[in-house]
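Novice: I'll drop the sequence and a predicted model, then ask my questions.
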Amino acid sequence: MADTIDVKQKELFGHPVGLYVLFFTEMWERFSFYGMRAILVLYLVAETKTTNAGLGWTNGEALALYGWYTMLVYVSSIPGGWLADKFFGQKRAVLYGGILLVAGHGILAVEEMWAFYSGLALIILGVGLLKPNISTMVGGLYKKGDIRRDKGFTIFYIGINVGAFLSSIIVGYVGEVYGWHYGFGLAGIGMALGLIQYIAGQKYLHDALSHEEGSEDLVDQNKSLTKIEKDRIIVLFISFFLVIVFWGAFEQAGGLMNIYASEKTNRLIMGFDFPASWFQSFNAMFIILLGTTVAGFWAKRKLQGKVSTSLFKMIVGLIIMGMGFFFMTAAAAQFNVNGPVVDGQGGSAMYWLVLAYLFHTVGELSLSPVALSYITKLAPVKYASLIMGVYFAMTGIGNKVAGLLGEASESLGEYTIFTGIAVFCVGFGLLMLLFRKKLEVLTHGAEDDEHEMAH
């Protein structure tokens with residue numbers, strides 16, 4: 001197979017070796033990011049006069065900071081993508097981003113407020129450089145019309161979640177049991193490993209840039225966009241509304257659902273107090289278990305000639321994820337009946353959170369890796385990293401919406417917020433289904449080559 005695709009491209013398990021270099025780089029980057037995410041809100045709301053002292057903030061204050069932080073992490077992808085496109089290229093952007101992340105997580109290990117804010121700032125800058133550019137490099141490993149592209153992104157996505165799963169368990173446990181700052185420091189060690197691995201694998205990443213370097217699209221950077229390219233950008237930006245709604249709901253995981261698990265869920269299993277931060281690992285665990293199954297389901301639909309376009313997958317993903325919030329509605333209703341957890345009694349059952357995360361995961365697998373792949377198919381080459389940056393910025397706006405919804409729960413209550421999110425996501429998804437065919441006309445057959453190759 002290799003010689004029919006690219007004579008120079010070394011392969012492993014049917015994919016370019018460069019995919020696995022990027023897989024492990026992203027895995028360790030996500031280990032550090034999700035490890036920090038698992039304990040950030042819990043650290044902010046932890047009491048100041050305990051053995052593992054936190055900052056003693058109110059839930060509202062903690063969710064406000066969480067919303068701003070997660071928004072800025074992704075919005076910084078716009079300047080990160082622009083800097084890579086205009087100045088130092090994607091390979092170096094990922095390298096510089098990794099260095100900033102190691103520094104940021106390292107500084108967070110220091111128990112001072114200046115270190116806390118400085119560390120968050122460096123992480124924001126680091127993710128901004130690394131995230132859009134590493135995703136664009138994955139797309140660059142595959143030529144136009146290569147049916148392996150979506151599966152390549154799913155493999156890459158599983159790497160993200162191996163890191164997220166391990167960090168939620170390890171960093172979450174170390175942070176909650178031994179000390180928040182030990183957890184932050186451990187996240188930094190993970191990122192350092194990812195950076196070392198990335199530097200060592202440089203020789204396999206030439207192919208990731210082959211579509212950017214020397215291609216006709218980049219010979220003349222000043223060449224204006226064609227009508228087809230403009231139409232495709234319009235479709236991308238309309239699809240970004242799906243992205244904002246999706247992440248606005250999904251990111252309750254690190255905020256409101258994290259606090260709900262800590263304060264209102266009965267976490268006692270046979271005498272063992274299940275750490276609240278460990279619930280963050282369910283999403284990643286389900287992705288690792290179901291990633292190839294969901295990708296295979298969509299690939300089979302395509303071979304059968306059924307609707308399986310990227311936009312259709314993303315809309316279905318939003319609806320499924322939204323339905324998961326009905327389980328959180330049930331959890332809140334159960335809490336309202338049982339009351340607070342006292343001596344292992346009361347509160348809501350853990351299985352509601354597990355079911356919610358299961359639906360969230362199936363929805364995420366149908367939307368997030370597909371959206372990354374969709375952008376690499378539709379975005380004009382000279383704006384590839386910038387548009388990937390805009391995608392992550394939309395994710396960031398979704399994160400800010402998540403924070404605002406979490407804050408609103410203090411006055412409206414979790415039952416109202418969870419139910420409202422479920423109804424809105426399902427309704428918005430159904431509305432987008434009505435306009436799907438009209439929007440897909442504007443792609444001008446960007447996915448047609450793939451469909452022919454599938455047959």
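Specialist: Happy to help now that I have it.

Novice: What is the strand or helix carrying residue 158 packed up against?
Specialist: Remark: residue 158 resides in helix 148-173, with elements defined by DSSP states H and E. Under the contact definition 3 or more Cβ pairs under 8 Å, 6 or more residues apart in numbering; DSSP states H and E, helix 148-173 sits against strand 15-16, helix 17-45, helix 113-140, helix 180-200, helix 280-303, helix 350-378. (Each C-beta comes from the backbone N, C-alpha and C, glycine too.)

Novice: does residue 356 really touch residue 323, like I thought?
Specialist: No. The pair residue 356 / residue 323 is not scored as a contact, 9.5 Å apart, by Cβ atoms under 8 Å.

Novice: what ranges do the helices span in the stretch 301-450 of the chain?
Specialist: Listed in chain order, the helices of the stretch 301-450 of the chain (DSSP state H, counting those that start in this stretch) span 310-338, 350-378, 384-412, 414-441, 448-454.

Novice: With residue 61 as the reference, name the closest of those.
Specialist: The closest approach between residue 61 and any of these, judged by Cβ to Cβ, belongs to helix 384-412 at 8.8 Å.

Novice: quick one: contacts for the closest residue to residue 21 other than its chain neighbours?
Specialist: With sequence-adjacent residues excluded and distances taken as Cβ to Cβ, 6 or more residues apart in numbering, residue 21 is closest to residue 201, at 3.3 Å. For residue 201, the contacting residues are 18, 21, 24, 25, by Cβ atoms under 8 Å, 6 or more residues apart in numbering.

Novice: Can you read off the pLDDT for the third one?
Specialist: So that's residue 24. We have a pLDDT of 90 for residue 24.

Novice: Who are the contact partners of it?
Specialist: Under the criterion of Cβ under 8 Å, 6+ apart, the neighbours of residue 24 are 159, 194, 197, 198, 201.

Novice: I figured the second one was touching residue 23, is that so?
Specialist: Right, residue 194. No. With contact taken as Cβ under 8 Å, residue 194 and residue 23 are classed as non-touching, separated by 10.4 Å.

Novice: Residue 350 and residue 265 touch, don't they?
Specialist: Yes. Applying Cβ under 8 Å, one finds residue 350 in contact with residue 265, separated by 5.9 Å.

Novice: Run the angle between the helix holding residue 158 and helix 280-303 for me.
Specialist: Computed by axes from the mean of the first three to the mean of the last three Cα atoms, to 10 degrees, the angle separating helix 148-173 from helix 280-303 equals 170 degrees.

Novice: if you average pLDDT over helix 148-173, what comes out?
Specialist: Per-residue confidence for helix 148-173 averages out to 84 on the pLDDT scale.

Novice: Any idea how many residues pack against residue 50?
Specialist: Neighbours of residue 50 under the rule other Cβ atoms under 10 Å: 9.

Novice: That one belongs to a helix?
Specialist: No. Under DSSP: H, G, I helix; E, B strand; the rest coil, residue 50 falls outside any helix and is assigned coil.

Novice: Find me the pLDDT at it, would you?
Specialist: Residue-level confidence at residue 50 comes out at 84, pLDDT.

Novice: Quick check: residue 398 touching residue 241?
Specialist: No. In terms of Cβ under 8 Å, residue 398 does not count as a neighbour of residue 241; the distance is 10.1 Å.

Novice: Between these two, point out the one with more neighbours.
Specialist: The residue with the greater number of neighbours, taking residue 398 and residue 241 and applying other Cβ under 10 Å, is residue 398; the counts read 24 against 12.

Novice: so who does the more buried one touch?
Specialist: 243, 244, 245, 246, 247, 248, 249, 250, 251.

Novice: wait, the third one sits on residue 318?
Specialist: In other words, residue 245. Yes. A contact is recorded between residue 245 and residue 318 when judged using Cβ under 8 Å, the distance being 6.4 Å.

Novice: what number of residues lie near residue 37?
Specialist: Per other Cβ under 10 Å, the neighbour tally for residue 37 reads 27.

Novice: Excluding chain neighbours, what is closest to it?
Specialist: Ranked by Cβ to Cβ, 6+ apart and with sequence neighbours excluded, the top spatial neighbour of residue 37 is residue 254, at 4.7 Å.

Novice: gap between the most centrally placed residue in the chain and residue 247?
Specialist: Central residue check for the chain by Cα atoms, centre = their mean: the C-alpha nearest the mean position is that of residue 368, 7.1 Å away. Summarising the geometry, the distance separating residue 368 from residue 247, computed by Cβ to Cβ, to the nearest Å, is 9 Å.

Novice: follow-up on the earlier one: just the contacts of residue 398 now: which is nearest residue 441?
Specialist: Minimum distance to residue 441 across the contacts of residue 398 is 20.8 Å, recorded for residue 243 (Cβ to Cβ).

Novice: where in the protein is pLDDT low?
Specialist: When the per-residue scores of the chain are filtered using pLDDT under 70, the ranges that remain are 1-13, 145, 207-222, 448-455.

Novice: do that again at 50, thanks
Specialist: 1-8, 210-219, 450-455 (pLDDT under 50).

Novice: What separation do you get for the residue of it positioned farthest from its centre and residue 266?
Specialist: Among the residues of the chain, the one whose C-alpha is farthest from the average of all C-alpha positions is residue 343, by Cα atoms, centre = their mean at 36.5 Å. Residue 343 sits at a distance of 11 Å from residue 266 (criterion: Cβ to Cβ).

Novice: For residue 251, list the residues it contacts.
Specialist: In this structure, residue 251 makes contact with 70, 398, 399, 402, 403, judged by Cβ under 8 Å, 6+ apart.

Novice: try 10 Å this time
Specialist: 37, 66-67, 70-71, 257, 395-396, 398-403, 405-406 (Cβ atoms under 10 Å, 6 or more residues apart in numbering).
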